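Student: got a predicted structure plus its sequence, pasted below:
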Amino acid sequence: MKINSPLEAYKYLPGTNCTVCGEQTCMAFAAHLIDRSRKLSECTPMLEEKFSKKLEQLQGLLAPEIREVEIGVGEKTVKIGGDDVLYRHKLTFFNQTVFAYDVWDTMDDKDLVERVKKIQDFKKFYVGNFLTVDMVAVRSTSNDPKKFASVVKKVIETTDMPLVLCSFNPEVLKAGLEVAKDKNPLLYAANKDNWQQVAALALEYDVPVTLFAPNDLDLLKSLAKTFAEMGTEKLVLDPGTFPSGKQLKETFNNFIKVRRAGIDGDREIAYPLMAVPLMAWMVHDDPVSASYWETVIASVFTIKYGDIMILHSTEPYAMLPELHIRDTIYTDPRKPVTVDPGMYKIGSPTKDSPVFVTTNFALTYYTVESDISSNKIDCFLWAIDTDGIGVEAAVAGGQLTAAKIKKGIEESGFNMKTDTSHNTIILPGLAARLQGDVEDETGSKVLIGPADSGRIPGWLEKNWPPKK
């Protein structure tokens with residue numbers, strides 16, 4: 001049985017409301033256990049001997065349906081799996097899909113190092129965060145253990161990103177593991193032919209391993225059951241990624257079947273799933289077509305349960321769509337994306353600089369901030385706390401009001417009368433109906449700016465400085 005409500009979790013807690021955990025009540029703490037923002041170990045009374053049985057029961061009931069697997073070490077460690085639901089609106093998806101971009105052991109050292117650095121350093125600023133990739137997949141195309149070990153060593157010297165070691169040859173994998181044994185790499189892969197040797201490696205080095213059974217879910221489940229009985233549940237399942245035609249549809253259906261079985265309680269197959277969009281390069285000769293279809297496949301399986309992927313194309317036109325859709329799917333739908341409310345300085349504003357008002361919805365704030373800073377406008381930008389709601393909806397819903405704007409001004413410590421020479425606030429065009437109320441509440445003059453922040457430069461040319 002799995003519990004998904006705070007009330008169910010509360011039944012196992014001490015119920016003393018001792019506040020040691022930092023919450024005012026045990027019910028509040030229970031709610032945070034459900035959304036995984038707090039850990040059960042933070043409830044110190046539960047660590048007492050008399051609660052040991054309840055602690056063990058609650059730990060089991062809170063454990064995710066899909067097992068969580070860690071790859072790598074240190075700050076760059078990635079976690080995959082750990083989900084409880086098929087549809088994120090029911091709760092959320094917790095550990096975002098991990099992207100591993102490949103290198104191969106027949107590359108010369110210069111090209112290898114250059115590609116690894118490109119993978120490591122890639123980032124895109126988006127809505128207040130940098131979108132980055134996660135891992136390097138080292139593929140053995142030589143089938144030479146010594147050459148593979150040499151390349152793995154060079155990769156480790158170049159980056160601290162987690163690794164996937166890719167070969168169906170156990171001797172090659174062993175050579176790579178000897179070099180990377182302290183890095184907790186993911187092995188790829190065990191199949192029906194090599195499973196005994198690869199299982200021995202996974203157990204000896206205590207590393208996670210991928211099980212590969214293309215389009216054969218019975219074999220995949222059998223392999224998973226066998227590995228678990230041998231002593232490791234650090235497993236990732238690869239049902240095969242067929243990149244085109246009817247077989248792509250079968251791949252899609254296989255991912256859904258495996259994940260549904262895991263969520264519905266089949267523990268023998270409740271493991272993270274791997275997709276390999278790189279397979280698009282096996283059927284498309286044209287690099288542009290291959291990159292396109294790789295991106296399509298990556299997008300499909302980001303949405304439908306791919307926990308980790310191996311990819312090839314490092315062109316921005318391929319990587320950016322993959323990163324953006326991942327960010328969208330793994331943004332918690334229950335929580336608006338926000339920035340901290342307050343007064344922000346854009347550029348080097350002075351007392352004569354304009355003062356703009358916006359909301360603390362991250363997409364709104366960073367759109368306005370980008371339009372202002374890219375046009376080199378020195379100003380103050382006020383992010384009012386609207387619970388992460390955009391301007392038009394916040395005005396309609398009462399989250400953006402004259403009283404809230406006044407409160408935001410006061411809490412920031414900014415004084416419109418002494419910190420500016422003009423005592424003028426500029427509201428966004430979509431908040432025009434607040435003009436009179438804001439003037440009454442703040443005692444400042446209020447101008448109505450454009451509805452689209454991209455038009456701020458033209459608006460300033462006509463309306464700034466304000467007429468006295």
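Tutor: Perfect, thanks for sending it.

Student: which intervals of this protein have sub-threshold pLDDT?
Tutor: 1 (pLDDT under 70).

Student: one more time with 80
Tutor: Residue ranges of the chain with pLDDT under 80: 1-4, 35, 89-91, 128, 332-335, 467-468.

Student: where do the strands sit along the stretch 351-468 of the chain?
Tutor: 355-359, 379-384, 424-427, 445-448 (DSSP state E, counting those that start in this stretch).

Student: which one of these is the most hemmed in?
Tutor: strand 355-359 (a mean of 26; mean count of other CB atoms under 10 Å). Glycine gets a C-beta too; all of them are placed from N, C-alpha and C.

Student: and it, how far out from the chain middle?
Tutor: 29 Å (CA atoms, centre = their mean, to the nearest Å).

Student: just the helices in the stretch 101-250 of the chain please.
Tutor: 109-121, 145-158, 170-180, 195-205, 217-230, 245-263 (DSSP state H, counting those that start in this stretch).

Student: would you convert the strands of the stretch 351-468 of the chain into TSV that also reports distance to Val138?
Tutor: TSV is the format used below for the strands of the stretch 351-468 of the chain (distance: least, CB to CB, whole Å):
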stretch	distance to Val138
strand 355-359	46
strand 379-384	44
strand 424-427	54
strand 445-448	58
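
Student: out of those strands, flag the one nearest Thr132.
Tutor: Ranking those by proximity to Thr132 (CB to CB) places strand 379-384 first, at 25.1 Å.

Student: any idea how far the residue lying closest to Gly458 once chain neighbours are set aside lies from Val103?
Tutor: Closest residue to Gly458 apart from its sequence neighbours, by CB to CB, 6 or more residues apart in numbering: Pro450 at 7.8 Å. From Pro450 across to Val103, the span is 48 Å (CB to CB, to the nearest Å).

Student: looking at these two, which one has more neighbours?
Tutor: Just comparing Pro450 and Val103: by other CB atoms under 10 Å the higher neighbour count belongs to Val103, 25 against 18.

Student: show me the beta-bridge partners of that one.
Tutor: Beta-bridge partners recorded for Val103 (DSSP bridges): Val138.

Student: close enough to count as contact, it and Ser140?
Tutor: No. Counting by CB atoms under 8 Å, Val103 sits too far from Ser140 to count as a contact (10.8 Å).

Student: which parts of stretch 427-444 are buried?
Tutor: Buried residues in stretch 427-444, counted by 16 or more other CB atoms under 10 Å: 427-431, 434-435, 438, 441-442, 444.

Student: distance between the ends of that stretch?
Tutor: 12 Å (CA to CA, to the nearest Å).

Student: ditto for stretch 297-316
Tutor: 16 Å.

Student: any idea which residue is closest to the centre of this protein?
Tutor: Gln96 (4.3 Å; CA atoms, centre = their mean).

Student: how close does that one sit to Gly82?
Tutor: Going from Gln96 to Gly82 by CB to CB gives 11 Å.

Student: and what of Ile263?
Tutor: 12 Å.

Student: rewinding a little: between the strands of the stretch 351-468 of the chain, which gets nearest to Glu42?
Tutor: Once the strands of the stretch 351-468 of the chain are compared by CB to CB, strand 379-384 is nearest, at 31.0 Å.

Student: check which helices and strands that closest one is in contact with.
Tutor: strand 342-346, strand 355-359, helix 362-374, helix 402-412 (3 or more CB pairs under 8 Å, 6 or more residues apart in numbering; DSSP states H and E).

Student: for the first one, packing partners?
Tutor: Read it as strand 342-346. helix 362-374, strand 379-384, helix 402-412.

Student: what about Ile377, neighbour count?
Tutor: 19.

Student: wait, doesn't Gln463 sit right on Pro450?
Tutor: Just to correct that, residue 463 is Asn rather than Gln. No. The criterion here is CB under 8 Å, and Asn463 misses it with Pro450 at 9.7 Å.

Student: got the domain ranges for the chain?
Tutor: Domain assignment for the chain, taken from automatic domain parsing, gives 6-62, 68-329, 342-463.

Student: can you give me the end-to-end distance of the longest one?
Tutor: Criterion CA to CA; first-to-last residue distance in domain 68-329 is 18 Å.

Student: what do you get for the shortest one?
Tutor: Looking at domain 6-62, the gap from its leading to its trailing residue is 11 Å under the measure CA to CA.

Student: report the distance from it to the chain centre.
Tutor: That offset, for domain 6-62, works out to 27 Å (CA atoms, centre = their mean).

Student: how about stretch 228-243?
Tutor: With CA atoms, centre = their mean, you get 22 Å for stretch 228-243.

Student: list the buried ones in it?
Tutor: Those would be 228, 234-243, for stretch 228-243 by 16+ other CB under 10 Å.

Student: any idea which of the helices of the stretch 101-250 of the chain is most buried?
Tutor: helix 170-180 (a mean of 21).

Student: pretty sure Arg67 contacts Gly81?
Tutor: Yes. Contact criterion CB under 8 Å: Arg67 and Gly81 qualify, at 5.5 Å.

Student: so what sits against both of these two?
Tutor: 271-272 (CB atoms under 8 Å, 6 or more residues apart in numbering).

Student: of the two, which one has the most company?
Tutor: Applying other CB under 10 Å to Arg67 and Gly81 shows that Gly81 carries more neighbours, namely 23 against 20.

Student: for the more buried one, give me its contacts.
Tutor: Contacts of Gly81 (CB under 8 Å, 6+ apart): 64, 66-69, 95, 271-272, 307.

Student: and the furthest pair within the residues you listed?
Tutor: Most distant of these, by CB to CB, are Asn95 and Tyr271, 12.9 Å apart.

Student: between those two, which is the more surrounded one?
Tutor: Taking neighbours as other CB under 10 Å, Asn95 and Tyr271 compare with Tyr271 leading, 29 against 20.

Student: looks to me like that one is in a strand.
Tutor: No. Tyr271 is assigned coil when assessed by DSSP: H, G, I helix; E, B strand; the rest coil, not a strand.

Student: which residues are in contact with it?
Tutor: 66-67, 69, 81, 224, 233, 235-237, 262.

Student: switch to 6 Å and redo it
Tutor: Tyr271 makes contact with 67, 235, 237 under the criterion CB atoms under 6 Å, 6 or more residues apart in numbering.

Student: so the last one touches Ala270, yeah?
Tutor: Looking back up the chat, that one is Leu237. No. Look at Leu237 against Ala270 with CB atoms under 6 Å: they stay out of range, at 9.5 Å.

Student: thanks again, I'm all set now.
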